[in-house]
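Visitor: build me a model:
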Amino acid sequence: MIRGHGDDIHAFNRPILSNFSSNVSYGADLSGLNAHLCNRISSITNYPEPEPYTLEKKLETVHHLPPGSVCVTNGATEAIYLIAQTFRGTSSAIFVPTFGEYADACRIHGHQVTSIHGPERIPGQIRMVWICNPNNPTGAMWDKTQLTSLIQSHPQACFVIDQAYEHFTEKDIFSPEEAWCFPNVIQLHSMTKRYAIPGLRLGYITASSGWIQRLRTNRMPWSVNRLAIEAGLYLTERNITYSMDIQTYLAEANRLKEALEATGAIDVRPTDTHYMLARLRFGKAKALKDFLVNEHGFLIRDASNFEGLSEGFFRVTAQSPEENKKLVDYINEWLDL
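Guide: As a prediction, the model looks like this:
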């Protein structure tokens, strides 16, 4: 799926003025982090820790986890591939549509992959279940009680729960401390998403020390660079969130959803977070994407390459009220062509 992700600004010759294609939130004030990294820039002349022990210990303290419960990775995507590699050749079930890297990583490492398109029961032969919560691209959440029941009723399976967007919902979600109590759960977390630093690539895994020890045996040395580690320590030590008022942000996302639906040509699925999956009633998402980029410098995510979705699907992440209004105006302009 390397050519089908959002935030593909590099693919265009013109400047992107508003980026609705990435699920990173808008408006984060990174000035403090930027200054800190500038002051640490000379550290790039030395290797980072072969494994990011210092940041892992800091995160264990932050999340009230016992030693050996955190594995820091080069973004959550490295974590996905590391898990698939560690459990090479097993049988995996993936609830779709969802982030395509789960299936890609599993197939690269010889998993037998089963796609699940609804809440039906997980087949008994499955040994690993991949769940994105909140889900990408739909924004839908698993109810905590429902997810608990699913985990407990399938003790033979290891549940990989990707919570990259856990800080962008008001719904109840497992904390790392809560999830650690399940012997068959591995959680993924994204500092990339929480702190709006996708260029640094920083994520981590939380799980029992037994799972983490197995994963570490396959982790490439020095996979997390020096500046990413510095950023992680800066953000956690200072308890910086960069999160805007989530209630206000989600209210704006809902206004964007209603405005898209008010065009009369777009259906939008219910969402529990700041991004949403939309479907054109006619036309292709690629054509809309090309128009928005070429005419206005606005970028959306063509979602037609998610398993189970057709050519009319696209995903957008709420930006400022002014940008959201312009997006809808420009979409209406395209619809009138």
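
Visitor: residues touching stretch 222-235, excluding its own?
Guide: 32-33, 36-37, 40-41, 43-44, 46-50, 52, 54-55, 58-59, 72-74, 78, 191, 195, 197, 200-202, 240 (C-beta atoms under 8 Å, 6 or more residues apart in numbering). No exception for glycine: its C-beta is placed from N, CA and C like everyone else's.

Visitor: show me those residues that map onto strands.
Guide: Judged by DSSP state E, the subset of those located in strands is 72, 73.

Visitor: what segments of this protein are strands?
Guide: Taking DSSP E as the criterion, the chain carries its strands at 18-19, 70-73, 91-95, 112-116, 128-132, 158-162, 185-190, 203-206, 266-268, 275-280, 298-299, 301-302, 313-317.

Visitor: partner strands of the fifth one, with direction?
Guide: According to DSSP bridges, the neighbouring strands of strand 128-132, each with its direction, are strand 91-95 (parallel), strand 158-162 (parallel).

Visitor: tell me the angle of the first one relative to strand 112-116?
Guide: Read that as strand 91-95. Interaxial angle of strand 91-95 relative to strand 112-116 (axes from the mean of the first three to the mean of the last three C-alpha atoms, to 10 degrees): 20 degrees.

Visitor: returning to what we had before: in helices, which of the contacts of stretch 222-235 appear?
Guide: Using DSSP state H, the subset of these located in helices is 32, 33, 36, 37, 54, 55, 58, 59, 78, 191, 195.

Visitor: ok, which of the strands of the chain comes nearest residue 139?
Guide: strand 275-280 (5.4 Å; C-beta to C-beta).

Visitor: and stretch 14-31, how far from the chain's centre?
Guide: 15 Å (C-alpha atoms, centre = their mean, to the nearest Å).

Visitor: mind checking the end-to-end distance for that stretch?
Guide: 26 Å (C-alpha to C-alpha, to the nearest Å).

Visitor: pull the residues that contact that stretch.
Guide: Applying C-beta under 8 Å, 6+ apart, the contact partners of stretch 14-31 are 6-9, 136, 164-165, 168, 192-193, 195-198, 242-244, 249, 274-275, 293-294, 296-301, 315-320, 323, 326-327.

Visitor: buried subset of those residues?
Guide: Buried subset of the contacts of stretch 14-31 (neighbour count, 16 or more other C-beta atoms under 10 Å): 6-8, 136, 164-165, 168, 192-193, 195-197, 242, 244, 249, 274-275, 293, 296, 298-301, 315-319, 323, 326-327.

Visitor: how many neighbours does the nearest residue to residue 288 once chain neighbours are set aside have?
Guide: Using C-beta to C-beta, 6 or more residues apart in numbering and skipping residues adjacent in sequence, the residue nearest residue 288 is residue 334, 5.7 Å away. Under the neighbour criterion other C-beta atoms under 10 Å, residue 334 is assigned a count of 18.

Visitor: with residue 62 instead?
Guide: Count around residue 62 with other C-beta under 10 Å applied: 13.

Visitor: can you check residue 124 too?
Guide: For residue 124, using other C-beta under 10 Å, the count is 8.

Visitor: what is the worst-scoring helix or strand of the chain on mean pLDDT packed up against?
Guide: In the chain, no helix or strand scores lower on mean pLDDT, DSSP states H and E than helix 191-195, which sits at a mean of 91. Under the contact definition 3 or more C-beta pairs under 8 Å, 6 or more residues apart in numbering; DSSP states H and E, helix 191-195 sits against helix 75-86, strand 203-206, helix 226-237.

Visitor: can you say which of these is packed in most?
Guide: For these, the largest average neighbour count (mean count of other C-beta atoms under 10 Å) is found in strand 203-206, namely a mean of 26.

Visitor: next one: the residue nearest the centre of the chain relative to residue 136, how far apart?
Guide: By C-alpha atoms, centre = their mean, the chain has its centre lying nearest to residue 164, at 4.1 Å. The gap separating residue 164 from residue 136 is 7 Å, by C-beta to C-beta, to the nearest Å.

Visitor: residue 26 now?
Guide: Using C-beta to C-beta, residue 26 is found at 17 Å from residue 136.
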